[in-house]
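> Please work out how this folds:
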Amino acid sequence: MAQKNKLQKFTEFSSFPNSYENFDMKNPVLQAAGGREVHLKGQWNENHFQNNAPIILELACGHGDYTVEMAKLHPHQNFIGVDIKGARIWKGAKTALEQGLTNAAFLRTRIESIEHFFGPDEISQIWITFPDPFERKSKANRRLTSQYFLKKYRQFLKKDGVVHLKTDADSLYAFTLEVIDQDSRCIIEYKSENIYSDPLENPLLNIQTYYEKMHLSEGKTIKYVRFRISSSD
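Okay, the predicted model is just below:
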């Protein structure tokens, strides 16, 4: 039954007008509803959102909680949630449609391919909310704040674009600060080892995902860092 429900969600997601997907890293072409091929790189504002508002990505968006809530709080900005887990991202896409959030879209793909789907200066900010910390040292490059990924982000972030990391993982937080410290093109704007120990610096930090609520119930503290990265190599 669980497998049947997953397949049903995959099918529904593929039919949603706010959803796109790609699974072939060797052929990074997006498919829209009905399997129609679309080319949105550098054209998300014009061909999907049909406005000139800033675009913010949420990477590893899971169920899409943050994408949906940010879209509700900032109706004059555009948001795109990205994740490979179809049964999870389906929920965010469906919720956005049900609530009439035309400024929220979803992309199901591997984040390793992310630079193929956005053009230079197309994205204003990136939110990374509770990603897999990949604790093993051998998998450091898979962490979404590694230099491997920062190089990709630089290909589509606007000049001095902002990256936000929100995590419960001490290891990922420490790793991110180390990466930033070693990169002269990165500048920390704000950091906290426990965002709820003081008044929230950013109202968007008050959004709590399924995973954050779970981590808080386990007594974990939530870390956050906001930093700018230069677009130049």
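
> roughly how far is the helix or strand of the chain with the lowest mean pLDDT from the heart of the chain?
Here the helix or strand of the chain ranked lowest by mean pLDDT, DSSP states H and E is helix 2-15, holding a mean of 78. Taking C-alpha atoms, centre = their mean, to the nearest Å, the mean C-alpha location of helix 2-15 is offset from the chain mean by 22 Å.

> pLDDT weak spots in this structure?
1-4, 231-233 (pLDDT under 70).

> and the closest residue to residue 10 other than its chain neighbours, how far is that from residue 71?
Spatial nearest neighbour of residue 10, excluding adjacent residues (C-beta to C-beta, 6 or more residues apart in numbering): residue 86 at 4.7 Å. In this view, the C-beta of every residue, glycine as well, is placed from N, C-alpha and C. Noted for residue 86: a distance of 20 Å to residue 71, by C-beta to C-beta, to the nearest Å.

> try residue 40
Residue 40 is 18 Å from residue 71, by C-beta to C-beta.

> do residue 137 as well
37 Å.

> So which of these two has more stuff around it?
residue 71 (26 against 8; other C-beta atoms under 10 Å).

> Pretty sure that one sits against residue 79.
Yes. Using C-beta atoms under 8 Å, residue 71 makes contact with residue 79 at a distance of 4.7 Å.

> what do the two both touch?
Counting by C-beta atoms under 8 Å, 6 or more residues apart in numbering, the shared contacts of residue 71 and residue 79 are 103-104.

> Can you name the next helix or strand after the strand of greatest length in the chain?
Counting by DSSP state E, the longest strand found in the chain is strand 157-167. Sequence-wise, the next helix or strand downstream of strand 157-167 (DSSP states H and E) is helix 170-181.

> Show residues contacting that following helix.
By C-beta under 8 Å, 6+ apart, helix 170-181 touches 131, 133-135, 140, 143, 145-147, 150, 165, 167, 186-188, 191, 193, 223, 225, 227.

> which ones among those are found in helices?
Using DSSP state H, 147, 150 are the members of these that sit in helices.

> Buried ones from the contacts of helix 170-181, can you make that a ChimeraX selection?
Listed next is the ChimeraX selection for buried residues among the contacts of helix 170-181, using 16 or more other C-beta atoms under 10 Å:
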select :131,133,134,143,145,146,150,165,167,186,191,223,225,227
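
> Can you tell me which of the contacts of helix 170-181 end up in strands?
Using DSSP E, those in strands are 165, 167, 186-188, 191, 223, 225, 227.

> any chance of those in a markdown table, with distance to residue 203 too?
Output for the ones in strands among the contacts of helix 170-181, formatted as a markdown table (distance: C-beta to C-beta, whole Å):
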| residue | distance to residue 203 |
| --- | --- |
| 165 | 17 |
| 167 | 19 |
| 186 | 24 |
| 187 | 22 |
| 188 | 20 |
| 191 | 17 |
| 223 | 18 |
| 225 | 17 |
| 227 | 19 |
